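Novice: need coordinates for the below:
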Amino acid sequence: LFINCNQIIFEILIDKREMNRFDVCIIAAGEGSRLRSEGIKISKPLIKINGEMMIARLFHVLEKYNPSAVHCIINEESYDLKSYLDQYEFKFPFHLTVKSTESSFHSFYELSKHVRSDHFLLATTDSIFDEGEFEKFVKTYFEQKDNIDAKRKELALKAFAHTAHYDSVIYSRLWSRWKPNTFPDYWGLAFEKISDLRYGENPHQRGALYGRFDPAPSSLANAEKLWGKELSYNNLLDSNNALSIVRDFQKPCVTIVKHINPCGVAIGETIEEAWHTAYSSDPMSAFGGIVAFNRELSAEIAQGMRKIFLEVIIAPSVAPEALDILKKKKDRRIIVTGPLEPHVKGWDFKNIEGGLLLQDKDNARVTREQLKVVTERTPTKSEYEAMLFGANLLKRVRSNTILFTNSIQTVGIGAGQMSRVDAVKIAGEKSRGRSSGCAMASDAFFPFRDGIDVAHEFGITAVIQAGGSVRDQEVIDAANEHNMTMVFSGTRAFWH
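Specialist: From the prediction side, this is the model:
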């Protein structure tokens, strides 16, 4: 048993002088002299670089890497690992603290490949053993040495998981630094389990939440729950899209999401104004939804929520008075993220049978400068504002998507339809007679003029779409017939 000893381990081992009866050697630093004075066999540290044990460093990749205990049982006897380690030494530049400095290290992982797995146990007290487990393991090892096979296998799994995480962190970081804007040859981001979930999307499916080693600022996986039950799998999916939506806007913004699609989105001069406008977009669909804010949630808003059933409330922060009001509903989840940062570059990935699809995150913004007017009538200022509001929301709604919007809110949302004209009809029905003079945004081109004809029946006066259909002229002609204005953005916004 090889141990790099720290204070906690010293206090455990000092009462285990009988360990000398076994083939045990302690490799110690710091507390080692105290152990030696107690008559316990001790060796010098294996490898010193800059005066510190490098074995311990292998298991602390990010900001914290305190010396840890390393336990190796090789063929059930003590073993001089120095010469063994030296055989597999190699240098590798990496960013130990995810900064620009480079360090070299000895690969204990390489060593593990050359030791019979059924006689090998590798663990660190800081990262492998749960609280209180090390003392229990020591007692088991010395008191029931013949019955620790199951524990050894459990620790071996933890050890190899730790080294796999370690390798993945280094590879991911180096690739992003050395080959930016390219797809990696191997995809294996390091995720660590945060918690098990009650179930997955449905009760017959298992579910768990994992966190990245380098989470983006104010990310959902690292958010703090102030109140309520644990988040479910579906709560997390819906909450993630809700957060993505309010991040997209600099002005105070509120969205209510149901089954991953928004049923109301609004901006305002104040967050209170945005809340009232978003909720008025579709109060019926908001029942049981997830609501997200990009500003602090105030007591005024909390008071207005008292009689509304909402599953989850997410905000950068919640005013103390608002929290007191919201806590009167015991099952409502209240989540705070901290100040919301803008979207950052990253990857989006989806599982397919036997593989994985990887793409850039869709953080594209549609601007007025890129719009091309294709009809006889040019848009008014308010029509431009309404079209841009809708165009920059399309990527957060399942395709095929049609949005009816004014300059500050969604009026009708037609989401996830197989036929684009059906999406237009649903958006019109959802608008409940409020769409006259509004703009229509489409996540892709119109393949036929029927979508324009139906939109005209609901009073739509302006249309923004990607363009690019072989029947573009037919669609433009329909808009001109109805005295509608139409612009091409050149940007498709599918989301599947």
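Novice: for the protein, give me the ranges with low pLDDT.
Specialist: Under the criterion pLDDT under 70, the flagged ranges of the chain are 1-149, 151-152, 188-189.
Novice: tell me which other helices or strands the longest helix belonging to it touches.
Specialist: The residue-count maximum for a helix in the chain (DSSP state H) belongs to helix 149-178. Judged by 3 or more Cβ pairs under 8 Å, 6 or more residues apart in numbering; DSSP states H and E, helix 149-178 is in contact with helix 108-113, helix 133-143. From N, CA and C alone the C-beta is placed, and that goes for glycine too.
Novice: tell me which helix or strand comes right after the host helix or strand of Leu226.
Specialist: In the assignment (DSSP states H and E), Leu226 maps to strand 224-227. Downstream of strand 224-227, the next assigned helix or strand under DSSP H and E is helix 233-247.
Novice: just checking, Gly414 touches Arg398?
Specialist: No: with contacts defined as Cβ atoms under 8 Å, Gly414 does not count as touching Arg398, sitting 10.3 Å away.
Novice: neighbour count: these two, which is higher?
Specialist: Remark: of Gly414 and Arg398, Gly414 carries more neighbours, 26 against 16, as counted by other Cβ atoms under 10 Å.
Novice: who's the more buried one bridged to?
Specialist: Ile402 (DSSP bridges).
Novice: ditto for Ala292
Specialist: Here Ala292, judged by DSSP bridges, has bridge partners Thr255, Ile314.
Novice: which residues sit in contact with it?
Specialist: 239, 242-243, 245-246, 254-255, 257, 314-315 (Cβ atoms under 8 Å, 6 or more residues apart in numbering).
Novice: could you rerun that using 6 Å?
Specialist: Residues in contact with Ala292 (Cβ atoms under 6 Å, 6 or more residues apart in numbering) are 242-243, 246, 255, 314.
Novice: what helix or strand is the residue lying closest to Gln417 once chain neighbours are set aside on?
Specialist: Among residues not flanking Gln417 along the chain, Ala423 sits closest, at 4.0 Å (Cβ to Cβ, 6 or more residues apart in numbering). For Ala423, the host element (DSSP H and E) is helix 420-431.
Novice: all strands of the stretch 351-496 of the chain, in order?
Specialist: Ranges of strands within the stretch 351-496 of the chain are 355-360, 372-373, 402-405, 410-414, 439-442, 462-465, 485-488, based on DSSP state E, counting those that start in this stretch.
Novice: contacts made by the third one with the rest, please.
Specialist: Residues from elsewhere that reach strand 402-405 (Cβ under 6 Å, 6+ apart): 386, 389-390, 410-414, 423-424, 427, 431, 435, 438-442.
Novice: buried ones in that strand?
Specialist: 402-405 (16 or more other Cβ atoms under 10 Å).
Novice: closest one of the residues you listed to Lys158?
Specialist: Taking Cβ to Cβ as the measure, Lys158 lies nearest Leu403 of these, at 48.7 Å.
Novice: any idea how far Val475 lies from Arg432?
Specialist: 26 Å (Cβ to Cβ, to the nearest Å).
Novice: so between those two, which is more surrounded?
Specialist: Val475 (25 against 12).
Novice: give me the residues contacting stretch 456-466.
Specialist: Residues from elsewhere that reach stretch 456-466, judged by Cβ under 6 Å, 6+ apart: 379, 383, 387, 391, 428, 435-442, 444-445, 482, 484-487, 489, 491-492.
Novice: so which bits of that stretch are buried?
Specialist: Buried residues in stretch 456-466 (16+ other Cβ under 10 Å): 456, 458, 460-466.
Novice: do stretch 361-376 as well
Specialist: 362, 366, 371, 374-375.
Novice: what's the answer for stretch 469-488, then?
Specialist: 472, 475-476, 478-480, 482, 484-488.
Novice: residues in contact with it?
Specialist: 371-377, 379, 445-447, 449, 452, 456, 461-464, 467.
Novice: just stretch 417-434 next, same as before
Specialist: With contact meaning Cβ under 6 Å, 6+ apart, stretch 417-434 is reached by 400, 402, 404, 411-414, 450-451, 454-455, 458.
Novice: what's the closest of those to Lys193?
Specialist: For those, the closest approach to Lys193 (Cβ to Cβ) belongs to Ile413, at 35.0 Å.
Novice: how close does the closest one get to Ala216?
Specialist: Ile413 sits 27 Å away from Ala216, going by Cβ to Cβ.
Novice: over to Arg368?
Specialist: Arg368 sits 28 Å away from Ala216, going by Cβ to Cβ.
Novice: Leu157 now?
Specialist: Taken as Cβ to Cβ, the span from Leu157 to Ala216 is 29 Å.
Novice: which of these two has more neighbours?
Specialist: Ala216 (14 against 11).
Novice: what about the more buried one, which SS state?
Specialist: Recorded secondary structure, Ala216: coil (DSSP: H, G, I helix; E, B strand; the rest coil).
Novice: tell me the one among the buried residues of stretch 469-488 nearest to Glu296.
Specialist: Ranked by distance to Glu296 (Cβ to Cβ), the buried residues of stretch 469-488 are led by Val487 at 35.9 Å.
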